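>>> sequence and predicted structure are below.
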Amino acid sequence: MPGLRVEVLEETASTNAVLTERAKASAPEWTVVVTEHQTRGRGRLDRTWETPARSALTFSVLLRPTVPAARWPWLPLLTGYAVTKALVADGYAAGVKWPNDVLIRTGEQERKVCGILVERVETPDGPAAVVGIGLNVAMTAEELPVETATSLAIAKGTQPDRTGVLLLLLGTLVEAYETWQLGGDPAAERLRASYSESCVTVGRRVRADLPGGAVLEGEAVRVDETGRLVVRTSDGESAVGAGDVVHVRAR
Ligand code: BT5
C-alpha cells in the first residue's frame, strides 16, 4: 500500500487545479487534495461540476503512471471501475456508464452519482495524471444540480459518513491502479474484463454525438483493448474513443 498524503482544504475553486500546481512542484504519486467546498468544479469539455459545501466528496489524486503511453486512455475507465467497485461493496446498485460516469439504479431509473475528470499534466518529473473525482454523498433531492443526478443519501435513505466513503474509494483505487500498473498485459486484460462487467453501457442501444456533428447510433457491443466503445450499426462496427464522445445515451 503506497503512502497517501492527504491535504484537506476548507474551500477551493477546483481540486484538479490545486493538484496540478502540486504536481508541477514535484509532489509524489498518491498526493491527494480534498476540499470541503469546491466553488468552480470542472467537468469535461468545459462543463461544470456543482456541489454544495460539505455535501459531496470532491477530491483529486496524483498518479505518475509508468505504463506505456498507449495504455493511458484506460486511466479514466479504471477510476470509474474503482469507484463502482467501492460503491457496490458498500451495498449500492452502482454501474459505470461508458467511459466513466458512475450511476446508481433505483427502480427503472439510473442516475449519476459520480463524475470523473482525468487530466494529463506535464511536470519536471515527467507526465502525470490528475484524477479528479466528484461524488454526491449527502445531497437532498432539492440540492441536486440537475435532474439526472442522485446522491448516496438519496439512494440509501441514510446519511453515509463522508470520511468512510473516501477511504473506501481510495482503497479500491489503490488496488485497481497498482494491479494494472505492475501487472503488464495479463492485468490490462483483466481490467478490461472487470470494467466490462461493471459497465452498464455494454449491451445497450446508444447514441454517440461525435465532434463535427456526426451521430453514431447502434448497439454497444464491447470495450476494446484501448478502452474505446465498439458500437454496431447497420454499416458494421465502429469504435468510439473517449475523447470523441459528448454523450452516449442508453435507450
Ligand atoms: C464530469 O464531467 O462528470 C467530471 C466531473 C469531475 C468533478 C471532479 S470534483 C474534483 C475534481 N476537481 C474538479 O474541478 N473536477 C473534478 P461531465 O461528464 O462533463 O459532466 C458534467 C455534467 O454533469 C454537467 O454539465 C451537469 O449536467 C452534470 N452535473 C454537474 N454537477 C453534477 C453533480 N453534482 N452530480 C451529477 N451531475 C452533475
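On my side now, so go ahead. In this text the structure is predicted, and so the values were computed from the model without any measurement.
>>> just give the nearest non-adjacent residue to the closest residue to the ligand within the chain, would you?
Per Cβ to the nearest ligand atom, residue 115 is where the chain lies closest to the ligand, at 2.1 Å. In this view, the C-beta of every residue, glycine as well, is placed from N, C-alpha and C. Residue nearest to residue 115 in three dimensions, not counting chain neighbours: residue 134, with 4.9 Å by Cβ to Cβ, 6 or more residues apart in numbering.
>>> show me the beta-bridge partners of the spatially closest residue to residue 34 that is not a sequence neighbour.
Among residues not flanking residue 34 along the chain, residue 59 sits closest, at 4.1 Å (Cβ to Cβ, 6+ apart). As for beta bridges, residue 59 partners with residue 34, residue 133 under DSSP bridges.
>>> is residue 59 in contact with residue 14, as I believe?
No: at 11.0 Å, residue 59 does not count as touching residue 14 under the criterion of Cβ atoms under 8 Å.
>>> ok, these two, which is more surrounded?
The neighbour comparison of residue 59 against residue 14 (other Cβ atoms under 10 Å) goes to residue 59, with 25 against 21.
>>> please list all residues in contact with that one.
Contacts for residue 59 (Cβ atoms under 8 Å, 6 or more residues apart in numbering) come out as 15, 32-35, 132-133, 166.
>>> repeat the analysis, applying 6 Å as the threshold.
The neighbours of residue 59, taking Cβ atoms under 6 Å, 6 or more residues apart in numbering as the test, are 15, 34, 133.
>>> what's the answer for residue 221, then?
Residue 221 touches 230, 232, counting by Cβ under 6 Å, 6+ apart.
>>> do residue 41 as well
14, 49.
>>> so how far is residue 117 from it?
Note on residue 41: its distance to residue 117, by Cβ to Cβ, to the nearest Å, is 9 Å.
>>> may I ask which of the contacts of residue 59 has the most neighbours?
residue 133 (29 neighbours).
>>> list the buried residues of the helix or strand bottoming out on mean pLDDT in the chain.
Here the helix or strand of the chain ranked lowest by mean pLDDT, DSSP states H and E is strand 205-209, holding a mean of 85. Using 16 or more other Cβ atoms under 10 Å as the test for burial, strand 205-209 gives 206, 208.
>>> and it, what does it pack onto?
strand 215-223 (3 or more Cβ pairs under 6 Å, 6 or more residues apart in numbering; DSSP states H and E).
>>> parallel or antiparallel, list what pairs with the strand it packs on.
strand 205-209 (antiparallel), strand 229-233 (antiparallel).
>>> could I get it in CSV with only the CA atoms?
Extracted C-alpha coordinates of strand 215-223, given in CSV (Å, rounded to 0.1, in the frame of the first residue of the first chain):
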residue,chain,number,x,y,z
VAL,A,215,-24.1,10.9,-34.9
LEU,A,216,-23.5,7.2,-34.4
GLU,A,217,-26.4,5.1,-33.3
GLY,A,218,-26.4,1.3,-32.6
GLU,A,219,-25.8,-1.3,-30.0
ALA,A,220,-22.7,-1.0,-27.7
VAL,A,221,-21.2,-4.5,-28.1
ARG,A,222,-17.9,-4.3,-26.1
VAL,A,223,-15.0,-2.2,-24.9
